[in-house]
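A.B. asks: Give the three-dimensional model of this entry:
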Amino acid sequence: MDAVAQSPVGLFLMNFVTAVAILIFGRIVIRWLVKLLRKIMVRADLDPILVNFASSISTGILLLIVLIAAIDRLGVDTTSFIVILGAAGLAVGLALKDSLQNFAAGIMMIIFRPFKLGDFIDAAGVNGVIEKISVFSTIMKTGDNREIIIPNGQIYAGAITNYSARDTRRIDMVFGIGYDDDMLKAKQIMEDILIAHEQILDEPAPAVAVAGLADSSVNFNVRPWVKSSDYWAVRSDLLQKIKLAFDKNDISIPYPQMDIHSKKESDL
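C.D. replies: Next up, the predicted model:
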């Protein structure tokens with residue numbers, strides 16, 4: 001029996017059985033470890049996209065380690081095999097540099113969450129609502145219902161403005177009146193409109209203040225606070241109400257004008 005075990009065929013069979021056992025036992029352990037990792041990440045309230053991706057990557061890496069261990073048990077020199085894998089990985093990394101950049105940016109966005117599904121943001125020169133976030137790209141829907149797919153690298157490399165991140169927003173508007181108009185009356189009209197508007201918040205209080213004396217107008221900063229979801233509707237409504245109130249009270253809103261003086265030929 002010992003002689004059979006010491007023979008080349010016997011050694012190969014023993015190593016083969018051991019390698020198969022490593023593969024089977026390794027898969028069981030990997031399944032248990034990945035399941036444990038998923039539970040930990042879910043309890044940490046990580047994004048489902050990141051949970052699925054981390055589980056897949058962990059499974060692949062652990063299976064590769066088990067496979068190398070099983071091959072090594074068969075007597076195959078795994079050193080050269082690892083070197084080949086490393087060289088292949090480097091070549092693939094260089095070829096897919098942009099994709100890896102998008103991938104890394106996607107992971108960072110999923111972890112740090114600069115925005116979430118449904119947020120209205122300005123990023124990579126695009127304004128829109130976030131519809132889907134993946135590890136390589138982000139899908140946004142614009143106001144005119146266009147779908148735009150943006151590589152994550154372009155989003156994460158620049159400034160990201162998230163208009164939905166806060167519950168409230170301040171509306172910044174500038175109104176100009178003529179120098180001959182009643183400045184105090186115009187200010188009172190605007191303040192009354194802001195106070196009476198149901199969607200404008202009491203705290204922080206809305207503000208109307210002189211912004212500057214321009215070439216042809218006295219400019220006022222009008223700055224009410226509203227819920228973020230009411231921003232555009234309130235802004236449009238205020239523009240209309242203030243313009244109509246100015247017209248009703250004979251307060252002008254100046255616009256650029258040019259005076260042209262002509263001379264007769266006899267005057268030259």
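
A.B. asks: hang on, Met41 packs against Val51?
C.D. replies: Yes - under the criterion of CB atoms under 8 Å, Met41 lies in contact with Val51, with a separation of 4.7 Å. C-beta here means a position set from N, CA and C on the backbone, and glycine is covered the same way.

A.B. asks: helix/strand/coil for Ile148?
C.D. replies: Using DSSP: H, G, I helix; E, B strand; the rest coil, the three-state assignment for Ile148 comes out as strand.

A.B. asks: which residues touch the nearest residue to it once chain neighbours are set aside?
C.D. replies: Leaving aside its sequence neighbours, Ile148 sits nearest to Met140 (CB to CB, 6 or more residues apart in numbering; 5.0 Å). For Met140, the residues meeting the contact criterion (CB atoms under 8 Å, 6 or more residues apart in numbering) are 121, 126, 128-131, 147-148, 150.

A.B. asks: Shouldn't Met140 be within a strand?
C.D. replies: Yes - secondary structure of Met140 (three-state DSSP): part of a strand.

A.B. asks: Roughly how far does it sit from Tyr231?
C.D. replies: Shown here: Met140 relative to Tyr231, a distance of 18 Å by CB to CB, to the nearest Å.

A.B. asks: Output the below-cut-off pLDDT ranges for this protein.
C.D. replies: Low-confidence segments of the chain, defined by pLDDT under 70, span residues 1-10, 49, 77-78, 80-85, 87-97, 256-268.

A.B. asks: 80 instead, please
C.D. replies: Flagging of the chain using pLDDT under 80 yields the residue ranges 1-13, 15, 44-54, 56-57, 72-100, 110-111, 135, 255-268.

A.B. asks: Can you pull the phi/psi pair for the residue nearest to the spatial centre of it?
C.D. replies: Central residue of the chain (CA atoms, centre = their mean): Phe115, 4.6 Å from the mean position. When read as degrees, to the nearest 10, the backbone of Phe115 gives phi -160, psi 170.

A.B. asks: so it sits right up against Ala165, yeah?
C.D. replies: Yes - counting by CB under 8 Å, Phe115 sits close enough to Ala165 to count as a contact (7.4 Å).

A.B. asks: per the record, what domains does this protein have?
C.D. replies: Per the record, the chain has its domains at 2-95, 114-162, 168-248, by automatic domain parsing.

A.B. asks: Can you spell out which helices and strands pack onto the longest helix seen in the chain?
C.D. replies: When secondary structure is assigned using DSSP state H, the longest helix within the chain turns out to be helix 8-43. Counting contacts by 3 or more CB pairs under 8 Å, 6 or more residues apart in numbering; DSSP states H and E, helix 8-43 is packed against helix 2-6, helix 48-73.

A.B. asks: Can you lay out those as JSON lines showing distance to Ser99?
C.D. replies: Formatted as JSON lines, the entries for those read as follows, by distance: least, CB to CB, whole Å:
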{"stretch": "helix 2-6", "distance to Ser99": "51"}
{"stretch": "helix 48-73", "distance to Ser99": "14"}
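
A.B. asks: Packed most tightly, which of the ones you listed would that be?
C.D. replies: Burial of these is given as mean neighbour count (mean count of other CB atoms under 10 Å); helix 48-73 ranks first at a mean of 15.
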